[in-house]
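Visitor: When you get a sec, could you give me coordinates for this:
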Amino acid sequence: MTSFWTGKRIRLRGIEPDDWTAFMRFAEDEERLGDLLNPPRSAEGHRAWAKEQAAAKSDGDCFQLAIEAADTGETVGAVGSFHADPRSGWFEYGITIGADHRRNGYAAEAVLLLLRFMFAERRFHRCQARIFAHNEASLALHRRLGFVEEGRLRDHVFFAGRHHDLVMMGMLAGEFAQLHPAGEL
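Guide: Model prediction:
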């Protein structure tokens, strides 16, 4: 039997201290994409963060995982659950894929593995994702996976000198089960 966390193209795993260089590249990629603009972090800051993540105790429903390419072992992205309300049965997740690894199916497979875990094993009822309206690739990915646009928060975020819309997308556990039967990736 293969691991629950392994797909055809990727493997999800805990963050290791040596992943710091990949996460530094992901931060630079997100800035170039126009998604996030944060003050620059030093290489030592990235090293310390990765070391802290590698040693962090699991929060159960909120976690971040490295996405590793199955064929090369290279860290190509990250996926995680960042907010969860077990009482109401919803969670929110995020994903990033390094610029030089996009359009290889890594994101779709990572999202499906994460959703399968959160819906089937953790018994959540609903997943939501917040996506910047100008990020057409991410919006298209989520639509292909079966997410539904549930709303748009106009001028909700400010970066790069102006306000931007934020699109709220969601999927219910039953929709996921129907679109992505168990054992299928």
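Visitor: helix or strand for the spatially most central residue of the chain, which one?
Guide: Taking CA atoms, centre = their mean as the criterion, Ile95 is the residue nearest the geometric centre of the chain, at 1.9 Å. Ile95 is located in strand 90-97, with elements delineated by DSSP states H and E.
Visitor: Can you work out which other helices and strands pack against that strand?
Guide: helix 20-33, strand 75-85, helix 106-116, strand 126-132 (3 or more CB pairs under 8 Å, 6 or more residues apart in numbering; DSSP states H and E). All C-beta spots, glycine's among them, are computed from the backbone N, C-alpha and C.
Visitor: in the protein, which helix or strand is least confident?
Guide: helix 20-33 (a mean of 82; mean pLDDT, DSSP states H and E).
Visitor: quick one: buried residues of it?
Guide: Using 16 or more other CB atoms under 10 Å as the test for burial, helix 20-33 gives 20, 22-27, 29-30, 33.
Visitor: any weak-confidence spans in the protein?
Guide: Low-confidence segments of the chain, defined by pLDDT under 70: 1, 32-38, 183-185.
Visitor: check contacts around the closest residue to Ala99 other than its chain neighbours.
Guide: If the residues on either side of it in the chain are set aside, Ala99 comes closest to Asp29, at 4.2 Å by CB to CB, 6 or more residues apart in numbering. Applying CB atoms under 8 Å, 6 or more residues apart in numbering to Asp29 gives the contacts 96, 98-99.
Visitor: Could you rerun that using 10 Å?
Guide: 35-36, 77, 96-102 (CB atoms under 10 Å, 6 or more residues apart in numbering).
Visitor: Fine by me, thanks again.
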